[in-house]
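Novice: here is a sequence together with a model predicted from it:
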Amino acid sequence: MGARTRVVVAGFAAACALGASAVVLLTGDGGPDQAPPIATGARQKLGAAGTTADPAPGESASSTAAPASRPADVPGVTVGGPSAAALGRAAPASVAYLRDRYRVSASEAARRLALQDRSAALAARLAERFPAEYGGMWLDQAGGGVLTIGATETGTVRSAVAALPDRAHVRVVPVRAPLARLTAAAARLATALDATAGTDVVVDQQANEVVVLTGDRVAADDPRLARALADAGVPARAQARVAGTSVPKACDPRYCEQAPMRGGIRLDVPRDDGTVGGCTTGFNIVDRTGKPYVLTAGHCVVGGRHQHVDRTWHQFLGPKLRVGIESTAPVLAENAFPYDYAIMPYVSNGAERWAYPPRKHGDQPSLINYWCVPDNPRCTRSRDVPVTGLVPASGIQVGWVVCATGSAYTPKAGEQYVDSGAGAGYLPGTRCGEVTARTNGGIQVRICARPGDSGGPLFTEADGRALGILSYGDPGSGRCSNANEQNVYAPVSTILDRANARTGLGLQVATRGPLFIRHPVVPLSSSDPDALPR
């Protein structure tokens, strides 16, 4: 993949249909509140207008200015979900991350996960019910695990969330523009600049602004830019994409040869020059007919050393098991972040090799390989996590605790593995961390990764929801020693929307399978994958 680092907070507009189920937000022992710097700035700018934020947890109302009016006729917003205790049991590594990073108790960590679990549904409900008032949302882990909600009319939104059991950790702060207005303005700006909303023109929810990212589709000296920003009708700014010195995540998964195919295992990819690289599997994908595919990073098969059709193997220097082939008809691979994806059909007999065996009864879930490593010390049992669905890019929030699996490895002397360049001491497996920004239409996380992890899955530990696949990130080699290392994942929903718009295949994340296929899948270019030109 190209060496590029892009760090820009992107916004979202939650989009999920909700019923009126009861909310269960359990309280735990929380920490002191500290408003995020941007939210504090928003309060200072709006102070002259008489609006205030909620008191911080543990802070009395008398220590702040008088709160905004609270309309008595605003009905409460309700969402449902599992209890904090259940989420804590289901996500031990996520609990461990919060305990280690923020020095909180296990019950407090579980409370924060419960707040996270309900936040996407709460955001969607607020956006639906209060489009003129709701201004966005983020989870402030450093400030005490507080769900921070922006609102143009704080009294209305404050009343709507007043009945939440964890109300002490839900904070409403004033903003200038509602999220719906910012999102509409971003779409108009993108059209005016021949750009793409969500990638070139994004919403920064914490700053409550629209951001035009210059350097790719939009040039910094574009003569239309100043006028477009002035006419946006909302706070808007231009910001250059950051050119980075990141190490590409060119990769080598290790071994996991038993069926079924799952996310987080090694794919080796022979290159045009005779060398072998590779990537990590992300998620199982199916089209509307049920045909199975494997998702990984596009830069694994699209680039300077990948001019011919690529095929992938598991353990190229060992059993040499065939997996997939680069799709050419239709083309299902790109290498231009956030469209860094390869949706690969299986080679001949590959689907049968990697599918569940035929059986009459029982569940056949699609899986993510959750592999314990020493630097994930609270992970005591390697296991497969069933995939239950997908979180749209618009619903993923800063502050969420998430997990990622990678298969990068540098072999020891005498070992027969393709060297990904991960560096001595790095072990492949699953690590958990925090969403730190929504960058350029991507998901920036504080999770260690190495060359060899590209394409690997980013997911929620408790319920196995697909979020993204690894694209690029900070340099690093060997053991995970930088607690603040950042890596960036391409959202799965962004990838599927793009691929479906181009092909009409109806591709989606699989929650079952891959299932047994009696007839072999014929490669796109030849009846024998080894006959393809290299």
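Specialist: Thanks, I have the structure now. Numbers count the residues shown, from 1 in each chain.
Novice: now do the strands in the stretch 351-500 of the chain.
Specialist: 367-370, 383-386, 389-390, 401-406, 429-437, 443-445, 457-459, 465-473, 487-491 (DSSP state E, counting those that start in this stretch).
Novice: packing partners for the shortest one?
Specialist: What that stands for is strand 389-390. Where contact means 3 or more Cβ pairs under 8 Å, 6 or more residues apart in numbering; DSSP states H and E, strand 389-390 is packed against strand 465-473, helix 492-503, strand 508-509. Backbone N, C-alpha and C define where each C-beta goes, glycine included.
Novice: neighbouring strands - and their directions - for it?
Specialist: Within its sheet, strand 389-390 is paired with strand 465-473 (parallel), according to DSSP bridges.
Novice: now render the strands of the stretch 351-500 of the chain as TSV, adding distance to Val418.
Specialist: Output for the strands of the stretch 351-500 of the chain, formatted as TSV (distance: least, Cβ to Cβ, whole Å):
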stretch	distance to Val418
strand 367-370	18
strand 383-386	24
strand 389-390	31
strand 401-406	15
strand 429-437	18
strand 443-445	26
strand 457-459	21
strand 465-473	18
strand 487-491	21
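Novice: now these as a markdown table including mean pLDDT, distance to Val173 and mean neighbour count?
Specialist: As requested, the strands of the stretch 351-500 of the chain are exported to a markdown table (pLDDT from 0 to 100; distance: least, Cβ to Cβ, whole Å; neighbours: other Cβ atoms under 10 Å):
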| stretch | mean pLDDT | distance to Val173 | mean neighbour count |
| --- | --- | --- | --- |
| strand 367-370 | 91 | 36 | 25 |
| strand 383-386 | 88 | 35 | 18 |
| strand 389-390 | 96 | 30 | 16 |
| strand 401-406 | 95 | 22 | 29 |
| strand 429-437 | 94 | 19 | 23 |
| strand 443-445 | 96 | 22 | 28 |
| strand 457-459 | 97 | 28 | 31 |
| strand 465-473 | 96 | 26 | 28 |
| strand 487-491 | 95 | 26 | 30 |
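Novice: ok, Asp117 touching Gly81?
Specialist: Yes: the criterion here is Cβ atoms under 8 Å, and Asp117 meets it with Gly81 at 4.9 Å.
Novice: buried residues in stretch 129-146, which are they?
Specialist: Judged by neighbour count using 16 or more other Cβ atoms under 10 Å, the buried positions of stretch 129-146 are 129-130, 133-141, 143-146.
Novice: turn the helices and strands packed on strand 389-390 into TSV, including distance to Val445.
Specialist: What follows is the helices and strands packed on strand 389-390, written out as TSV (distance: least, Cβ to Cβ, whole Å):
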stretch	distance to Val445
strand 465-473	9
helix 492-503	14
strand 508-509	19
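Novice: tell me which of Asp117 and Gly81 has more neighbours.
Specialist: Taking neighbours as other Cβ atoms under 10 Å, Asp117 and Gly81 compare with Asp117 leading, 26 against 22.
Novice: looks to me like that one is in a helix.
Specialist: Yes: counting by DSSP: H, G, I helix; E, B strand; the rest coil, Asp117 falls inside a helix.
Novice: residues touching it, list them.
Specialist: 81-82, 87, 462-463 (Cβ atoms under 8 Å, 6 or more residues apart in numbering).
Novice: among these, which are in helices?
Specialist: The subset of these located in helices under the criterion DSSP state H comprises Leu87.
Novice: of the contacts of Asp117, select the buried ones using a PyMOL command.
Specialist: In PyMOL, this line selects whichever of these come out buried by 16+ other Cβ under 10 Å:
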select buried, resi 81+82+87+462+463
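Novice: Val373 contacts Ser382, correct?
Specialist: No: judged on Cβ under 8 Å, Val373 makes no contact with Ser382 at a distance of 9.3 Å.
Novice: run a quick neighbour tally on Asp363.
Specialist: The burial count for Asp363: 7, using other Cβ under 10 Å.
Novice: I'd guessed Arg479 sits against Ala422; true?
Specialist: No: using Cβ under 8 Å, Arg479 is not in contact with Ala422; the gap is 10.0 Å.
Novice: between those two, which one's more packed in?
Specialist: Using other Cβ under 10 Å as the criterion, Arg479 and Ala422 rank with Ala422 on top: 27 against 16.
Novice: do I have it right that that one meets Gly429?
Specialist: No: the criterion here is Cβ under 8 Å, and Ala422 misses it with Gly429 at 11.7 Å.
Novice: and of the contacts of Asp117, the nearest to Thr388?
Specialist: In terms of Cβ to Cβ, no member of the contacts of Asp117 lies closer to Thr388 than Asp463, at 5.2 Å.
Novice: grab the nearest non-local neighbour of that closest one.
Specialist: Nearest residue to Asp463, sequence neighbours excluded (Cβ to Cβ, 6 or more residues apart in numbering): Thr388, at 5.2 Å.
Novice: list the contacts for the one you found?
Specialist: Thr388 makes contact with 463-465, 511, according to Cβ under 8 Å, 6+ apart.
Novice: tell me the pLDDT of it.
Specialist: Predicted confidence (pLDDT) for Thr388: 95.
Novice: how near is it to Gly150?
Specialist: Distance, Thr388 to Gly150, by Cβ to Cβ, to the nearest Å: 29 Å.
Novice: which residue ranges of the stretch 201-350 of the chain form strands?
Specialist: Counting by DSSP E, counting those that start in this stretch, the strands of the stretch 201-350 of the chain are 201-204, 209-214, 236-240, 262-263, 266-270, 276-280, 284-286, 292-296, 311-314, 321-325, 333-336, 339-345.
Novice: dump the longest one to CSV, restricted to CA.
Specialist: Once side chains and other backbone atoms are set aside, the C-alpha atoms of strand 339-345 remain, and they are given as CSV (Å, rounded to 0.1, in the frame of the first residue of the first chain):
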residue,chain,number,x,y,z
TYR,A,339,-11.4,2.1,-1.1
ASP,A,340,-8.5,-0.3,-0.2
TYR,A,341,-10.1,-3.6,-0.7
ALA,A,342,-10.0,-6.9,-2.6
ILE,A,343,-13.1,-9.0,-2.6
MET,A,344,-11.8,-12.3,-3.8
PRO,A,345,-13.8,-15.3,-5.2
